[in-house]
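**Student:** coordinates only, sequence not included:
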């Protein structure tokens with residue numbers, strides 16, 4: 001039997017699902033038990049130190065370094081009680097992954113002894129080597145010094161391991177020159193800018209001393225689970241995280257029987273394990289369900305502070321991947337692991353909060369809620385003016401397989417408001433709001449079912465940026481992606497838009513509150529007239545919308561290279577991030593270089609992998625089957641049989657030859673020198689030459705798969721990967 005057949009037979013025997021062990025406690029007591037959070041701080045810290053930390057966490061007050069030793073001592077005692085032996089500064093470099101530097105609590109002491117030490121200095125600052133992380137030219141290879149800095153606004157936590165626990169401290173990561181080398185630092189800067197401008201607007205609406213305004217986020221996470229024994233036989237899944245080859249299964253998602261279906265037993269056991277780990281880390285996981293494609297699933301949290309949510313999302317991805325092998329599974333977070341069925345996104349639910357007030361909650365009478373309408377109009381203006389930056393924030397090689405397909409938002413950025421809000425803004429444009437549509441009662445027609453309150457508007461799954469009741473859902477984010485980048489863009493463009501609104505209202509009212517109502521009405525009317533082109537409530541998949549979007553002047557960057565080029569070549573975008581202290585011009589351009597280089601590296605890796613698999617695995621299978629058929633035809637003719645039909649052999653030979661030719665073409669493109677210098681020229685070469693060549697090899701290989709004997713085909717098929725659970 002082949003390795004593939006052995007794996008399938010083993011799967012057929014079933015899998016012994018491990019049971020969760022540990023303390024038997026109520027569900028609510030699991031939440032946050034491994035987090036050095038507010039309750040633990042209040043219990044262990046002196047009152048003044050605790051209050052000072054809360055001022056920093058809740059209101060953005062400067063952190064007093066003198067408190068660090070006190071906090072470090074309490075944090076160490078708590079961690080040791082929880083079985084920690086090491087502490088780690090956790091940071092988020094521009095790889096998009098999570099990085100950690102671990103140090104032991106133990107330090108040598110006199111007389112051959114050792115003591116557990118953890119000082120304020122150790123808490124505040126770490127020094128990982130910065131030379132081997134992407135820097136986009138901000139650092140030369142020989143310039144190694146980099147610093148991690150404690151982010152007090154994101155709580156420390158215990159990461160459990162069967163052989164010992166680690167105290168993890170979320171940190172920012174910067175170079176010796178002060179340049180941000182990570183995802184967290186710009187996010188914190190952008191939230192600071194958003195707070196400054198949002199509070200200006202709130203003061204105009206009578207909030208004398210408004211609380212700190214912070215962005216909130218709740219990133220949903222889609223993912224695939226496949227049997228690990230099959231995944232290990234697929235070099236493309238191991239290296240690229242997606243299948244470079246695979247003919248369509250006889251069944252896909254066309255029966256629509258996977259979505260919200262009963263969760264398979266092994267998968268459900270895995271979900272329970274993942275959720276328990278995440279709940280212990282204080283991650284507010286709320287929802288789980290089957291997604292549309294076979295073997296695709298989703299989990300979703302309650303939204304929280306955007307900085308904490310971004311850290312939590314990185315942990316979610318880590319836990320999803322690391323827990324899967326325990327259940328004989330492999331978790332795939334790539335945006336498009338399988339051709340022909342839906343890929344995976346990470347819908348980013350975003351809003352703004354001031355204390356307990358959600359600034360994007362319209363209340364019961366949105367047409368009378370002047371403050372809400374101003375903040376909502378600010379979103380419209382921001383998204384319209386800076387749509388290319390939003391598009392660039394989700395641009396990477398994996399997402400190119402997904403954006404624009406009939407499963408995900410298109411590459412054209414637009415805003416869905418729904419009927420109620422669209423009608424209100426239309427009335428504003430006409431000069432006055434006379435009223436709003438009332439919510440209705442949905443009657444199902446079955447007496448035993450209760451009448452249901454009907455929402456004021458439907459949802460739109462095709463919109464990339466949709467209002468969903470009290471927040472906006474940015475649906476174009478890729479499943480493997482850090483949400484920090486999109487959050488940085490959202491916060492910064494909103495800071496600019498709120499700055500514009502505050503300045504305009506300040507000028508038009510001159511500080512006279514009696515003039516506010518008229519000034520707001522005039523401002524809203526101006527914003528709607530200038531930026532209504534971004535509003536679209538229809539089918540974003542349709543060809544008609546693409547033509548209409550072009551007529552409206554909305555950009556359509558169809559791929560990563562175009563999206564990043566549009567961002568990096570516009571000096572207005574550089575100036576925007578610099579003005580609000582989010583990214584310097586050097587940092588902005590460095591990031592664009594890094595993302596283009598990553599695009600090239602990912603495509604180059606897939607090209608080499610495609611060539612190796614096609615040449616070393618698939619083509620030999622075709623040759624073997626070709627030889628077997630040729631031998632059978634020759635044997636029948638030698639036996640004197642008349643009218644031996646060799647049509648199948650001819651068709652098989654044609655498909656084998658097509659694969660040979662396309663492998664040769666891919667070889668030539670890989671070896672072809674790039675016409676031009678710089679990351680953008682290289683990225684364009686990979687997009688225009690290498691990607692089509694990879695796709696052509698796949699097309700030939702996928703045409704060959706159905707006609708090669710099943711026992712000769714070396715790769716687990718889509719049928720096996722998607723339906724053996």
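**Tutor:** Happy to help now that I have it. Keep in mind that this is a model prediction, so the values were computed, not measured.

**Student:** skipping its backbone neighbours, what lies nearest residue 517 in space?
**Tutor:** Once flanking residues are discounted, residue 517 sits nearest to residue 370: 7.2 Å by C-beta to C-beta, 6 or more residues apart in numbering. Every C-beta, even on glycine, is put in place using the N, C-alpha and C of the backbone.

**Student:** how near is the one you found to residue 206?
**Tutor:** Relative to residue 206, residue 370 is positioned 11 Å away (criterion: C-beta to C-beta, to the nearest Å).

**Student:** again, but for residue 341
**Tutor:** Using C-beta to C-beta, one obtains 52 Å as the distance from residue 341 to residue 206.

**Student:** same deal with residue 360?
**Tutor:** 19 Å.

**Student:** related to what we said a few turns ago, the more surrounded of residue 370 and residue 206?
**Tutor:** Neighbours per residue (other C-beta atoms under 10 Å) separate residue 370 from residue 206, with residue 370 holding more: 14 against 10.

**Student:** about what we covered before: ok, the residue nearest to residue 517 touching residue 520?
**Tutor:** Yes: taking contacts as C-beta atoms under 8 Å, residue 370 lies within contact range of residue 520: 5.5 Å.

**Student:** which of the helices or strands spans residue 426?
**Tutor:** Using DSSP states H and E, the secondary-structure element containing residue 426 is helix 418-430.

**Student:** which strands or helices does that helix pack on?
**Tutor:** Contact partners of helix 418-430 among helices and strands, from 3 or more C-beta pairs under 8 Å, 6 or more residues apart in numbering; DSSP states H and E: helix 370-385, helix 516-531.

**Student:** now do the buried residues in the host helix or strand of residue 547.
**Tutor:** Mapping residue 547 onto the secondary structure by DSSP H and E places it in helix 543-552. Applying a neighbour-count criterion of 16 or more other C-beta atoms under 10 Å, one finds 545, 546, 548, 549, 552 buried in helix 543-552.

**Student:** contact partners for the third one?
**Tutor:** When contacts are counted by C-beta atoms under 8 Å, 6 or more residues apart in numbering, residue 548 touches residue 536.

**Student:** quick one: it from residue 538, how far?
**Tutor:** Using C-beta to C-beta, residue 548 is found at 9 Å from residue 538.

**Student:** which intervals of the chain have sub-threshold pLDDT?
**Tutor:** Counting by pLDDT under 70, the low-confidence segments of the chain come to 22-24, 140-144, 406, 433-458.

**Student:** the longest strand in it is where?
**Tutor:** Across the chain, the strand with the greatest residue count (assigned by DSSP state E) is strand 165-175.

**Student:** and it, what does it pack onto?
**Tutor:** helix 68-81, strand 84-91, strand 99-104, strand 146-150, strand 157-159, helix 184-204.

**Student:** quick check: residue 413 vs residue 569, distance?
**Tutor:** Plainly put, residue 413 is 18 Å away from residue 569 if you go by C-beta to C-beta.

**Student:** sorry, wrong one. I was asking about residue 561.
**Tutor:** Following C-beta to C-beta, the distance that separates residue 561 from residue 569 is 12 Å.

**Student:** between these two, who's got more neighbours?
**Tutor:** Set side by side, residue 561 and residue 569 give different neighbour counts by other C-beta under 10 Å, the larger being at residue 561 (25 against 12).

**Student:** my guess is that one contacts residue 683, does it?
**Tutor:** Yes: the criterion here is C-beta under 8 Å, and residue 561 meets it with residue 683 at 4.6 Å.

**Student:** overlap in contacts of those two?
**Tutor:** Jointly contacting residue 561 and residue 683 under the rule C-beta under 8 Å, 6+ apart are 596, 599.

**Student:** check contacts around the residue most central in space within the chain.
**Tutor:** Ranked by distance to the mean C-alpha position of the chain (C-alpha atoms, centre = their mean), the top residue is residue 481 at 3.4 Å. Residue 481 is in contact with 96, 346, 394, 396, 398, 399, counting by C-beta under 8 Å, 6+ apart.

**Student:** residue 115: how many residues sit nearby?
**Tutor:** Other residues within reach of residue 115 by the criterion other C-beta under 10 Å amount to 10.
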